[in-house]
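A.B. asks: Fold the following for me, if possible:
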Amino acid sequence: MTLLSRTAENLYWMSRYMERAESLARILDAAYRLSSLPTAYGGGLTEWESAIKTAGCEEDFLAAHGEVTSEAVIHYLAFSRESPASIRNCLERARHNARAERTALTSEMWAAINGTYLEMHEIEAAGDTQRFISFVKEASLRFDGTAYRTMLRNDAFWFTQLGLFIERADNTARILDVKYHVLLPKHAEVGGGLDYYQWASILRSVSALTSYRWVYRDSVKPWLVADLLVLKEDMPRSLASCYSNITTYLDRLSMAYGRQGPSQKLARTLYGKLRNGRIEAVFQSGLHEFIEEFIAANDQLGAAISEQYLS
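C.D. replies: Numbers count the residues shown, from 1 in each chain. Predicted structure coming up:
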């Protein structure tokens, strides 16, 4: 028995919104860390602009606020009811999708999502942004844990995981891209002190600083950070890791439903490029160009999944 396309769509987007909320919390956390640095190391420069660009909502933000300030960015990305990009609205939409499909979820999963939504209002009322950021990251871990520990390994689980990894790949790519185009001022030296602190902050924002030290046993270098977050399959937030999982779950869907389609072909093509890629070649052709191409391909895959399974 296969899922109704409406059920599959709700589960897929439930996971995407939960992952997006966590990503936004991590973006804000990175901006906080950079803004607390002395000016000589990047404090007070472009970190809040980078947060808006990474979230992909610069045009809407400027239309609403006109000027980038820390207070405006925090409100817009964390608490705003009007902003479709806010953490608050992502969590609300995740709950809406989960409530529509409660019979497809375990009781533990529903409790994790509904409890997050209810607790969010209490923390929002307190106005403690740092507590809110920590709460969202912990809520995402609860959601992932209950899905992994309690769901049957069937198409309902596979669609939740597809949503998670499609969203995570997009978020990791955008964080890397914005680093090169916003954070480092044009007059600053690549590999200098400012560059070091910003790359270290990026690693912390995706919980990868300790992993970086384990893998490379070296100081923070831009090409090694990119290698970790693009090509290392054993790094959970890397593009290669995301696509290893995406191809796995799409293949399981194709076997369960008895047919393959464009989404399986697109996913394998992207995964092959990441598995066979070398970071030297990526930097030689341009990190920004590589990531732009990847984001477009990831969007294309999302559209293919929607057309093949969710409509």
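A.B. asks: for the chain, what are the low-confidence residue spans?
C.D. replies: The chain contains residues with pLDDT under 70 at 1, 37-45, 179-196.
A.B. asks: again, only using 50
C.D. replies: Applying pLDDT under 50 to the chain flags residues 42-45, 185, 187-193.
A.B. asks: Kindly format the C-alpha coordinates of stretch 284-300 as CSV.
C.D. replies: Only the C-alpha atoms of stretch 284-300 are listed here, as CSV (Å, rounded to 0.1, in the frame of the first residue of the first chain):
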residue,chain,number,x,y,z
GLN,A,284,39.9,26.2,-9.6
SER,A,285,36.6,26.6,-11.3
GLY,A,286,35.2,28.8,-8.6
LEU,A,287,33.5,27.9,-5.3
HIS,A,288,30.6,30.4,-5.9
GLU,A,289,29.9,29.0,-9.4
PHE,A,290,30.0,25.4,-8.1
ILE,A,291,27.5,26.2,-5.3
GLU,A,292,25.2,28.3,-7.5
GLU,A,293,25.0,25.3,-9.9
PHE,A,294,24.4,22.9,-7.0
ILE,A,295,21.6,25.0,-5.5
ALA,A,296,19.9,25.2,-8.9
ALA,A,297,20.2,21.4,-9.3
ASN,A,298,19.0,20.8,-5.8
ASP,A,299,15.9,22.9,-6.5
GLN,A,300,15.4,21.0,-9.7
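A.B. asks: Could I get the buried residue list for it?
C.D. replies: Within stretch 284-300, the residues that count as buried by 16 or more other C-beta atoms under 10 Å are Leu287, Phe290, Ile291, Phe294, Ile295, Ala297, Asn298. Placement of C-beta: from N, CA and C, glycine included.
A.B. asks: Looking at these, which is nearest Ser50?
C.D. replies: Nearest to Ser50 among those, counting by C-beta to C-beta, is Ile291 at 14.5 Å.
A.B. asks: Now do the phi/psi pair for the closest one.
C.D. replies: Per-residue torsions, Ile291: phi -70, psi -40 (degrees, to the nearest 10).
A.B. asks: what does Asn154 give?
C.D. replies: With angles defined as degrees, to the nearest 10, Asn154 sits at phi -130, psi -170.
A.B. asks: With adjacent residues omitted, what lies nearest to it?
C.D. replies: Once flanking residues are discounted, Asn154 sits nearest to Ala256: 7.7 Å by C-beta to C-beta, 6 or more residues apart in numbering.
A.B. asks: Looks like that neighbour contacts Asp155 (just checking).
C.D. replies: Yes: using C-beta atoms under 8 Å, Ala256 is in contact with Asp155, at 5.8 Å.
A.B. asks: rewinding a little: of the buried residues of stretch 284-300, closest to Tyr17?
C.D. replies: Among the buried residues of stretch 284-300, Asn298 lies closest to Tyr17 (C-beta to C-beta), at 16.7 Å.
A.B. asks: a markdown table please, covering the buried residues of stretch 284-300 and showing distance to Ala112 and secondary structure.
C.D. replies: Shown next, in a markdown table, are the buried residues of stretch 284-300 (distance: C-beta to C-beta, whole Å; DSSP: H, G, I helix; E, B strand; the rest coil):
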| residue | distance to Ala112 | secondary structure |
| --- | --- | --- |
| Leu287 | 36 | helix |
| Phe290 | 36 | helix |
| Ile291 | 32 | helix |
| Phe294 | 31 | helix |
| Ile295 | 29 | helix |
| Ala297 | 32 | helix |
| Asn298 | 27 | helix |
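A.B. asks: related to what we said a few turns ago, tell me which of Ala256 and Asp155 has more neighbours.
C.D. replies: Using other C-beta atoms under 10 Å, the more surrounded residue of Ala256 and Asp155 is Asp155, with 21 against 14.
A.B. asks: was I right about the more buried one contacting Thr7?
C.D. replies: No: with contacts counted by C-beta under 8 Å, Asp155 stays clear of Thr7, the gap being 9.2 Å.
A.B. asks: if we can go back for a sec, overlap of the contact sets of Ala256 and Asp155?
C.D. replies: Taking C-beta atoms under 8 Å, 6 or more residues apart in numbering as the contact rule, Ala256 and Asp155 both touch Thr2.
A.B. asks: Not counting sequence-adjacent ones, nearest residue to Gly277?
C.D. replies: Leaving out its chain neighbours, the residue that sits closest to Gly277 by C-beta to C-beta, 6+ apart is Leu231, at 5.4 Å.
A.B. asks: Report the contact partners of that neighbour.
C.D. replies: Listed by C-beta under 8 Å, 6+ apart, the contact set of Leu231 reads Ser238, Leu239, Ala240, Leu274, Gly277, Arg278, Ile279.
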